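>>> Pasting a predicted model and its sequence here:
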Amino acid sequence: MLRRAPELPRSVNDRLNRLATSVFTSIDANDYKRGNNFQSKPTRIEIDYSSSLPLQMLLYFNVCFFPCWLFSLTFVLPILATSAKNYPAILMVFAFLFKAIIEFIRLYLGYAGNLAERMPELTAFCLLTIIFQIPLSIFLLVYSVITNADKEMQLALVFAVEIIYVTFLLLEAIFGIYAVRIMVTAQSSRFHYRQFEEALPANDFASPSG
């Protein structure tokens, strides 16, 4: 039996929830106060499921590609760092190590947030992607292009794997933000829908006026 993935601390959850609601979405509360929006069956199905299939597909292929990226740069960057001609490449090594550590956390948060429909984890996934991973990948990509004047095979390999990773990150950022917006809307819909269902029995047992 699969165990439920551990959740983030409560204080972190609350801050990420507020961040997702204020930054990634703009919800009009009046849209959820109309009772007709929660009575039809198609609307209930839309409320029940808010995971993003495109984002999950991107995460799956990213997890498959991550070992290839990790092996390629683990083999190449130490050679560049120890080369007297490419001594500034030590910056690439630090960027690679930092990116690799964050990537383990980011992919876990993406899976947990999307599959389990956890908005804080998915928000943290988007923040790590936009703030850290995309700039680090662009740095590795641009550095390999700038210093590739001598057409070294090592830098060509760095460019090849990073251009694929940048594509993954950009698509995941787009679909991740869209998934957060859908998830915020879905959670608000569930809350107002429960209020609507709880109000129905009270209206049924209420005495008729007059």
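That came in fine, so what should we check first? Numbering: from 1, shown residues only.

>>> Can you show me the helices along the chain?
Per DSSP state H, the chain carries helices over the ranges 10-19, 41-48, 53-81, 90-115, 119-128, 134-146, 153-205.

>>> okay, those in a markdown table with mean pLDDT next?
Listed next are the helices of the chain as a markdown table, based on pLDDT from 0 to 100:
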| stretch | mean pLDDT |
| --- | --- |
| helix 10-19 | 74 |
| helix 41-48 | 48 |
| helix 53-81 | 89 |
| helix 90-115 | 91 |
| helix 119-128 | 93 |
| helix 134-146 | 86 |
| helix 153-205 | 79 |
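
>>> Make JSON lines from those helices and add mean neighbour count to it.
Yep, even glycine has a C-beta here, placed from its N, CA and C like the rest. Below are the helices of the chain laid out as JSON lines (neighbours: other CB atoms under 10 Å):
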{"stretch": "helix 10-19", "mean neighbour count": "14"}
{"stretch": "helix 41-48", "mean neighbour count": "12"}
{"stretch": "helix 53-81", "mean neighbour count": "16"}
{"stretch": "helix 90-115", "mean neighbour count": "18"}
{"stretch": "helix 119-128", "mean neighbour count": "25"}
{"stretch": "helix 134-146", "mean neighbour count": "17"}
{"stretch": "helix 153-205", "mean neighbour count": "17"}
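
>>> for the closest residue in space to residue 63 that isn't next to it in sequence, what are its contacts?
Closest residue to residue 63 apart from its sequence neighbours, by CB to CB, 6 or more residues apart in numbering: residue 107 at 5.9 Å. Residues near residue 107 by CB atoms under 8 Å, 6 or more residues apart in numbering: 59, 62-63, 66.
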